[in-house]
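Asker: only geometry, no sequence info:
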Ligand SMILES: N=c1c2ncn([C@@H]3O[C@H](COP(=O)(O)OP(=O)(O)OP(=O)(O)O)[C@@H](O)[C@H]3O)c2ncn1[C@@H]1O[C@H](COP(=O)(O)O)[C@@H](O)[C@H]1O
């Protein structure tokens with residue numbers, strides 16, 4: 001897993017013990033699942049709008065917001081980015097793309 005995702009996941013885990021007044025992430029945990037899902041919906045919509053505008057910088061910014069809030073959801077559910085990466089790796093292996101990708105490099 002990327003160091004950034006791994007380190008962010010550790011911070012998100014640590015925020016479970018923080019006061020809602022001291023941290024944005026802790027305040028989201030405190031508000032609960034619906035508040036986290038609302039943020040994911042908003043950030044997904046903003047990502048779509050950025051793509052429709054063809055604004056690459058904004059696509060990156062909004063996708064980062066979307067990934068971040070998805071990671072908050074994973075943490076709140078007792079999951080982490082490694083669970084999602086394992087699923088992607090499983091699909092990658094199943095489709096034979098791994099083999100095709102390595103052949104392309106050769
Ligand atoms: N990566 C992020 C990150 N990305 C986005 N955000 C927050 O997500 C929110 C995005 O919401 P919007 O785009 O709707 O902007 P907004 O209008 O300010 O938000 P709202 O007032 O509507 O909530 C903003 O408040 C951002 O600050 C983040 N907040 C925190 N992190 C990481 O999480 C770590 C822990 O954060 P804290 O819990 O705040 O210490 C930090 O060290 C960062 O690494």
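Answerer: Great, that's in hand. Please read these numbers as outputs of a predicted model, since none were measured by experiment.
Asker: Buried residues of stretch 81-96, list them for me.
Answerer: Within stretch 81-96, the residues scored as buried using 16 or more other Cβ atoms under 10 Å are residue 81. All C-beta atoms are positioned from the backbone trio N, CA, C, and that covers glycine.
Asker: Please see if it touches the ligand.
Answerer: No - Stretch 81-96 stays clear of the ligand (Cβ under 6 Å from any ligand atom), getting no nearer than 12.8 Å.
Asker: avg pLDDT for that stretch?
Answerer: Averaging pLDDT along stretch 81-96 yields 90.
Asker: where does this protein come near the ligand, residue by residue?
Answerer: Residues of the chain lying near the ligand (Cβ under 6 Å from any ligand atom): 8, 11, 15, 23-26, 42, 65, 68.
Asker: In CSV, list those residues along with pLDDT and neighbour count.
Answerer: Listed next are the residues of the chain next to the ligand as CSV, based on pLDDT from 0 to 100; neighbours: other Cβ atoms under 10 Å:
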residue, pLDDT, neighbour count
8, 98, 19
11, 98, 13
15, 98, 20
23, 98, 15
24, 98, 10
25, 98, 24
26, 98, 18
42, 98, 14
65, 98, 17
68, 98, 16
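Asker: now those in TSV, with distance to residue 103 and secondary structure?
Answerer: Formatted as TSV, the residues of the chain next to the ligand follow (distance: Cβ to Cβ, whole Å; DSSP: H, G, I helix; E, B strand; the rest coil):
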residue	distance to residue 103	secondary structure
8	34	helix
11	39	helix
15	43	helix
23	47	coil
24	45	helix
25	42	helix
26	47	helix
42	41	helix
65	36	helix
68	35	helix
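Asker: Out of these, give me the two with the largest separation.
Answerer: Largest separation among the residues of the chain next to the ligand by Cβ to Cβ: 11 and 42, giving 21.7 Å.
Asker: Tell me which residue lies nearest the centroid of this structure.
Answerer: residue 67 (2.8 Å; Cα atoms, centre = their mean).
Asker: Next, the buried residues of the strand or helix carrying that residue.
Answerer: Assigned by DSSP states H and E, residue 67 belongs to helix 56-76. Buried residues in helix 56-76, counting neighbours by 16+ other Cβ under 10 Å, are found at 59, 62-63, 65-66, 68-76.
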